[in-house]
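Peer 1: next comes the sequence, and after it the predicted model I'd like to discuss.
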Amino acid sequence: MSRIGKNPVPIPSGVTIDISGNSAKVKGPKGELAQDFNSLVEIKKEGDVAVIVPKNESKEARAMWGLSRSLLANMVEGVTKSFEKKLVITGVGYKVAAKGKDLELQLGFSHPVEVKAPAGIEFEVDQKKNTITVRGIDKQLVGEVAANIRKWRKPEPYKGKGIAYEGEYIPRKAGKSAAGGES
């Protein structure tokens, strides 16, 4: 029995879920999301909650049960509140600037790095704190865009320079120690 899958997904007021076969469309105040689910699970709408039920008791169906419930819950949360990830840029000369909807990053390369905003994603830049906020209604897309930005300069362990998630722990290493001087 899936601990996650057996919990119903509450549907807040202002949110509608349209279920047709193995696909669901969720509409809310922030936007609309659509998702195709695995054929091993069935989605049912019962009043003001949505329930995911496995079609059989196979191992694969039980695995898809919890996954499908999480995906549906994230869709409902995304169209009501939206998701965000914050990135902190640390390093001398590392800067970020908003260019319309896109970003321009100075990361120590000989050229600026331009990051285009995909549909449904907004960037917010705080130049004083050197932070980027990636915001959108699709949790998977927000995480993917933030990871792709971070990939340009991952935080390095010696000085801590690079792009890190807010609150991320960067394990630090000791640098070279003074040599005894062999002659």
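Peer 2: It's in.
Peer 1: going forward, measure contacts between C-alpha atoms and count neighbours the same way
Peer 2: Noted.
Peer 1: quick one, domains of this structure?
Peer 2: For the chain, automatic domain parsing gives the domain ranges 9-80, 83-165.
Peer 1: where along this structure do the helices fall?
Peer 2: Ranges of helices in the chain, per DSSP state H, are 59-80, 139-150.
Peer 1: the last one packs against which elements?
Peer 2: Helix 139-150 is packed against helix 59-80, strand 83-90, strand 131-136, strand 162-165, with contacts defined by 3 or more Cα pairs under 8 Å, 6 or more residues apart in numbering; DSSP states H and E.
Peer 1: okay, and for the chain, where does confidence drop off?
Peer 2: Scanning the chain for pLDDT under 70 picks out 1-2, 178-183.
Peer 1: which residue is the nearest non-sequential neighbour of the residue most central in space within it?
Peer 2: By Cα atoms, centre = their mean, the chain has its centre lying nearest to residue 143, at 2.2 Å. Among residues not flanking residue 143 along the chain, residue 85 sits closest, at 7.1 Å (Cα to Cα, 6 or more residues apart in numbering).
Peer 1: which residues touch that neighbour?
Peer 2: By Cα atoms under 8 Å, 6 or more residues apart in numbering, the contact list for residue 85 reads 133, 134, 135, 142, 143, 146, 165, 166.
Peer 1: buried ones among those residues?
Peer 2: Buried by 16 or more other Cα atoms under 10 Å: 133, 134, 135, 142, 143, 146, 165, out of these.
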